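[1] Please work out how this folds:
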Amino acid sequence: MSLVVEELEKALKSQVKGVETLRMSLEAIRFATHNFSDIIEKGGYGKVYKGELSRSNGHKSIVVRSLDHTMCPYENDFYEDVAILYNFSHKNVIPIIGFWEESSERIVVFEHMVNGSLKDHVKNTSLTWKKRLKICIDAARGLAYIHSGSNSQYSMHGDVKNSSILINHDWEAVISDFIISKGVSTLGYYDPLYASTGILTQESDVYSFGVVLFEILFGRLAVETLITDQQHPRHGDHEDGRVIFLSQLAVECFKSKRLEEFIFHDIKEQIDANSLVIFSTIAYQCLQEQPKDRPTMVEVVKELEKAFECQDEWEWEKRLPKDYKKIIYMSKVQLSNTSRKKDLYSLFSSGILLHNEKLVIQSL
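    Here you go, the predicted structure:
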């Protein structure tokens, strides 16, 4: 037996051993979920239950997803999917805690994210633009990691949407539902070419993520029946009673330069102009009809990070004195390494003094 074959066999055995550590008994899952009594979601892929695992270092809140075998027709690939999740190692991709399988029954166990899914917060008036940007960056990083996989069969998500982006106690986002997508995308999010080809690709994930980005910006869901509040009509809403697909609306608004009319009213005054341009441009590029014209998720991450940096600089600048540029020009302080607004804020917080008719910044 060659050395290469021996190494491959060792790796395979190690992989199987690792996956097997995740296997749980049905009794343990029943106990954790109080006999599957706390249902928190019921959808096409099956039911989701909330539970709690007792461990030596305390209790861990979990969610247990019981897969409907009629919607998720696993045969011999369920174990392989669990192995893929076991190998995922990224802070923005939800880790699998356990699984159980028997006959046609399949159960997967994940950590419970206390702030729910992004779907719960699209219209959250207290969720600031900066927090929304951070959630988008987290989710984009998770997708970019998935897309970087060497196995093409498992290097895409397949059903990116607001409910597949979960948020933990620190408002960090993670990608979930990877194991149940199985090549069936959701209305309002799927790549237009999917309707004619039935094929999903990494570029399909990018398109779906573009829809999510506009959900974040507009404070609307991917598919809505528009009913205008007659007492508080929103400027630009002329489609009362119609089913609105956000992807179509976003593209039309971007092309006609009417984005500001549809920005979620509670964040409109919070957004830096440069941040908005960068964010909306990359979101629009994600929605290009031809897959080859869409950016990669790595490129999406970079642009979202730029949008966040612009927003961060703008917010710090608002904390500075109105005449800070003039003050810096008149001062003796060298700013070669302190150009960022937060650094300036720190310097100004130290105090400003007059010395020989020149403004200088006092160091503490």
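[2] switch to C-alpha atoms for all contacts and neighbour counts from now on
    OK.
[3] where along this structure do the strands fall?
    39-43, 46-55, 58-67, 96-102, 105-111, 165-167, 173-175, 223-225, 243-245, 352-355, 358-361 (DSSP state E).
[4] what's the angle between the fourth one and strand 105-111?
    Read it as strand 96-102. Here strand 96-102 runs at an angle of 170 degrees relative to strand 105-111 (axes from the mean of the first three to the mean of the last three Cα atoms, to 10 degrees).
[5] quick one on the thing from earlier: mind checking the strands of the chain for the one nearest to Cys310?
    The closest of the strands of the chain to Cys310 is strand 173-175. By Cα to Cα, the value is 20.8 Å.
[6] which other residues reach that closest one?
    The contact list for strand 173-175 (Cα atoms under 8 Å, 6 or more residues apart in numbering) reads 91-94, 135-136, 138-139, 142-143, 164-168.
[7] switch the cut-off to 10 Å
    Residues external to strand 173-175 that are found in contact with it (Cα atoms under 10 Å, 6 or more residues apart in numbering): 90-95, 113, 115-118, 134-143, 146, 157, 160-168.
[8] His59 contacts Leu53, correct?
    Yes. With contact defined as Cα atoms under 10 Å, His59 counts as touching Leu53 (5.6 Å).
[9] Can you pick out the residue with more neighbours from these two?
    Using other Cα atoms under 10 Å as the criterion, His59 and Leu53 rank with Leu53 on top: 15 against 10.
[10] who touches that one in this structure?
    By Cα under 10 Å, 6+ apart, the residues touching Leu53 are Ala28, Ile29, Phe31, Ala32, Thr33, His59, Lys60, Ser61, Ile62, Glu111.
[11] would you list the strands of the chain in a markdown table and tack on distance to Ser185?
    Output for these, formatted as a markdown table (distance: least, Cα to Cα, whole Å):
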| stretch | distance to Ser185 |
| --- | --- |
| strand 39-43 | 14 |
| strand 46-55 | 16 |
| strand 58-67 | 17 |
| strand 96-102 | 22 |
| strand 105-111 | 20 |
| strand 165-167 | 15 |
| strand 173-175 | 15 |
| strand 223-225 | 14 |
| strand 243-245 | 15 |
| strand 352-355 | 58 |
| strand 358-361 | 58 |
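[12] Select, out of the ones you listed, the one closest to Val16.
    Of all these, strand 96-102 comes closest under Cα to Cα, at 13.7 Å.
[13] coming back round to it: let me know which of the strands of the chain is tucked in deepest.
    Most buried of those by mean neighbour count (mean count of other Cα atoms under 10 Å) is strand 173-175; its value is a mean of 28.
[14] Could you give the average pLDDT over that strand?
    In this model, strand 173-175 carries a mean pLDDT of 97.
[15] Repeat that for stretch 77-97.
    Taken as a whole, stretch 77-97 has an average pLDDT of 87.
[16] next one: stretch 190-202
    Computed over stretch 190-202, the mean pLDDT rounds to 89.
[17] Same question for stretch 315-327.
    On average, stretch 315-327 scores 72.
[18] returning to what we had before: so which of the contacts of strand 173-175 sit within helices?
    Lys134, Ile135, Cys136, Ile137, Asp138, Ala139, Ala140, Arg141, Gly142, Leu143, Ile146 (DSSP state H).
[19] show me what contacts the first one?
    Residues in contact with Lys134 (Cα under 10 Å, 6+ apart) are Thr128, Ala140, Trp171, Glu172, Ala173, Leu304, Glu305, Ala307, Phe308.
[20] Also the last one?
    For Ile146, the contact set (Cα under 10 Å, 6+ apart) comprises 88-90, 92-93, 140, 154-157, 175, 178, 202, 297.
[21] Include distance to Ala195 when you put these into TSV, please.
    Listed next are these as TSV, based on distance: Cα to Cα, whole Å:
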residue	distance to Ala195
Phe88	30
Ser89	33
His90	32
Asn92	29
Val93	28
Ala140	24
Tyr154	21
Ser155	21
Met156	18
His157	17
Ile175	24
Phe178	21
Gln202	16
Met297	22
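[22] Looking at the residues you listed, spot the one nearest Gly219.
    Among the contacts of Ile146, and counting by Cα to Cα, the member closest to Gly219 is Ala140, at 18.6 Å.
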